[in-house]
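S.K.: sequence first, then the predicted structure, then my questions.
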2 protein chains.
Amino acid sequence: MAWLTTSYLIDSEPERIEARAEALAIEQSVECPLEAVRDARIRDEIVARVAAIEPAGENRYRVDVKIAAETVGGDVAQLINMIFGNCSLWENVQFTGLELPAALLARFPGPRHGIAGIRALLGAARRPLTAVAMKPQGMRVAELAAMCRTFALAGIDVIKDDHGIANQAYSPFAERVRACQSAVAEAAAATGKRSFYAPHLIGTPRALRERARIARDEGVRVVLVAPMVVGLPAFFDLVEEFPEFVYLGHPSFGGAARIAPPLLFGRLYRLFGVDAPIFVNYGGRFAYPQPECGAIAAEARAPWGDLRPALPVPAGGMRLDRVEELLDFYGPDTMLLIGGNLLLAEGEALLERAREFAGKVAVTGASVGA
Amino acid sequence: MAWLTTSYLIDSEPERIEARAEALAIEQSVECPLEAVRDARIRDEIVARVAAIEPAGENRYRVDVKIAAETVGGDVAQLINMIFGNCSLWENVQFTGLELPAALLARFPGPRHGIAGIRALLGAARRPLTAVAMKPQGMRVAELAAMCRTFALAGIDVIKDDHGIANQAYSPFAERVRACQSAVAEAAAATGKRSFYAPHLIGTPRALRERARIARDEGVRVVLVAPMVVGLPAFFDLVEEFPEFVYLGHPSFGGAARIAPPLLFGRLYRLFGVDAPIFVNYGGRFAYPQPECGAIAAEARAPWGDLRPALPVPAGGMRLDRVEELLDFYGPDTMLLIGGNLLLAEGEALLERAREFAGKVAVTGASVGA
């Protein structure tokens, strides 16, 4: 008998928490009154059970539930269903933790590259890494390519599409990928340092696959995907079919208030194959507290079965003058992603600013990494 | 210039709501400081704009935002990204409304059968419809098939897998579908009334397609899918490839607290092709208030472009003694779904109870529908 363990934060009056925890265990397994479960095997081996109830604040409890691995049946979509299916519809329940038994965990290859693979690809053994987002969407292909060239000349490691850039009339996917790939190649020829353009893959599974093929044919090695937008199971298939890409995972549609951000972006994203989860940084335009951001980064890198560590990518409200503070907090196994703040400059000034970003990260990183 | 309109409930101090609304419009379009948007075309045609801010309670506002249809580019996954992407990560924002311009709406065929198609398939022109869920998961195929036969003999319209039943070792998909299809066929031969077995399709896009093929080959006409588990874009592809199925949409992983249930289950599910959205009923084990359930049903059936009306399927905590009350509230274009409550009986008693359910709905429905 193998069991996975899920944890939830439940807001409840003390006198009701035991009943709520029991109800959750039933909801996430047999989903019917226990009296209707007449088979002893099902009661013993299938019904989920409450493993622990711990106080976690006033009228708030951490509840651990053991769910039979057999109910997942090795299906990655069914895993989602079993760990946070119906109880996602309950009020005042947040999904906060997941532990998988070894055999089930082995069903998930996780990141195909992880921190070490990304460092090898980017040719940066120890220093922190840099990424920028090309914005605003609405720019034509030629403008995006010019911006991409500027960032590559500045020595930025990864130059990604803004996650709003899809396959719109103003910057069609195939044409954009071709132009931006040329831009980074030209810059590499001029500087001797290679930058990687990461196009945004979005669409139904069929469109995803088609665009992934186009990107592969153009020599792309890093891509951006929002796993919650395309759906975690579709993302899983994509990674399996195109393992050569490094996957940056975007948090869009993450509705993270119901799934604790460290669990969703640090743990689940990685489980499904994200190499580098992007998450919203503290002190920016999202209200994530600093310890939570630290917890996301820690989850992404923590030992977990045979899964490769994933590279944390804090983003959102990133500013040049915060590089030192952020590297001090996150450490060198980090990719700093900066977007709008750089783009307040343009032309030559943009090149300078981007260069300053790349340089600052390299210099600061050398001391942090020491 | 075509715009879609999204609505959100935002909790905010009065003095900050205007800035928050503006920030949301930027977040859901260009996602960078407006000063960095130098191109007049992008400012005029791509940047989203706040269309209205209305008080909606103490320190709560309804904010309408106009988003350029061009940014969606006809991509159904990108639609999700544009309407509730990054702002799903904000605190105290609930997504509550969506209006699409005609050309974009036409990109979505929606339910392929809808209320009229379901009634035609089930041979029930006016009366309310019945559905049951087979539980608990863990039962072997022979037990499920026996239960299925009992429900079919009782005259239940749709007999669905519990949404926890996937492709586990104890009831593998192909074997289960074959056995349950035989069970409903045998019952139909005995009673002259046809019931429909609805297997649960779950998996990554590749597994989904494979199971859909098996189901089709076995003559299945109604299936159960949880669109948020498999991902809305993957669900969209599935419906497009297998339009012959009637799709029951399960709410699992719906995390409905961040997307208003009437919008998610009534409107978005239908937009992506659900024929009959299952949602949690008031007065059951989920805390949905009655008006919200009414709003879900209303959204599912409301005129919306050329989309077929979808059939509301209230479920969860359904009891035999509530049939009249519920039909009175929901009206005849409804399928009542009962699960655990029936299963407190077994054997002959289960047959009687299920018969009572089917009979009660038919009789009560005749007066409601009159």
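M.R.: Yep, it's here.
S.K.: can stretch A:57-66 be found next to chain B?
M.R.: No: residues of stretch A:57-66 contacting chain B under CB under 8 Å from any CB of the partner chain: none, with a closest distance of 14.1 Å. In short, each C-beta sits where N, CA and C put it, glycine included.
S.K.: what's the offset of that stretch from the middle of its chain?
M.R.: Offset of stretch A:57-66 from its chain centre (CA atoms, centre = their mean, to the nearest Å): 26 Å.
S.K.: stretch A:101-116 now?
M.R.: On CA atoms, centre = their mean, the centre of stretch A:101-116 falls 15 Å from the chain's centre.
S.K.: now swap in stretch A:250-259 and tell me
M.R.: Once both centres are worked out by CA atoms, centre = their mean, stretch A:250-259 turns out to sit 10 Å from its chain's centre.
S.K.: neighbouring contacts of it?
M.R.: A:84, A:88, A:93-95, A:163, A:200, A:224-229, A:261, A:264-265, A:268, A:277-280, B:80-81, B:84-86, B:88-89, B:91, B:255, B:257-259 (CB atoms under 8 Å, 6 or more residues apart in numbering or on different chains).
S.K.: can we see that at 6 Å?
M.R.: When contacts are taken as CB atoms under 6 Å, 6 or more residues apart in numbering or on different chains, the neighbours of stretch A:250-259 outside the stretch itself are A:95, A:163, A:224, A:226, A:228-229, A:264-265, A:278-279, B:80-81, B:85-86, B:88-89, B:255, B:258.
S.K.: neighbours around A:Leu129, how many?
M.R.: Each residue near A:Leu129 was counted by other CB atoms under 10 Å in any protein chain shown, and the total is 25.
S.K.: pretty sure it sits against A:Thr334.
M.R.: No: using CB atoms under 6 Å, A:Leu129 makes no contact with A:Thr334, being 7.1 Å away.
S.K.: right, is the host helix or strand of A:Thr96 up against chain B?
M.R.: In the assignment (DSSP states H and E), A:Thr96 maps to strand A:93-99. No: Strand A:93-99 lies apart from chain B when judged by CB under 6 Å from any CB of the partner chain; the minimum separation is 9.0 Å.
S.K.: next one: stretch A:127-137
M.R.: Yes: figure legend: stretch A:127-137 in contact with chain B (CB under 6 Å from any CB); contacting residues A:135-136.
S.K.: do stretch A:139-159 as well
M.R.: No: judged by CB under 6 Å from any CB, stretch A:139-159 stays clear of chain B, getting no closer than 7.1 Å.
S.K.: list the buried ones in the strand holding A:Thr96?
M.R.: Neighbour-count burial for strand A:93-99 flags A:93-98 (criterion: 16 or more other CB atoms under 10 Å in any protein chain shown).
S.K.: switch those over to a markdown table; also include pLDDT.
M.R.: Shown next, in a markdown table, are the buried residues of strand A:93-99 (pLDDT from 0 to 100):
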| residue | pLDDT |
| --- | --- |
| A:Val93 | 89 |
| A:Gln94 | 87 |
| A:Phe95 | 88 |
| A:Thr96 | 88 |
| A:Gly97 | 88 |
| A:Leu98 | 89 |
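S.K.: between these, which is closest to B:Pro33?
M.R.: Each of these was scored against B:Pro33 by CB to CB, and A:Gln94 proved nearest at 32.3 Å.
S.K.: how about the residue in the stretch 201-350 of chain A positioned nearest to chain B: what's its closest non-neighbour residue?
M.R.: Here the residue of the stretch 201-350 of chain A nearest chain B is A:Gly231; by CB to the nearest CB that distance is 1.4 Å. Computed as CB to CB, 6 or more residues apart in numbering or on different chains, the closest residue to A:Gly231 that is not its neighbour in sequence is B:Gly231, at 1.4 Å.
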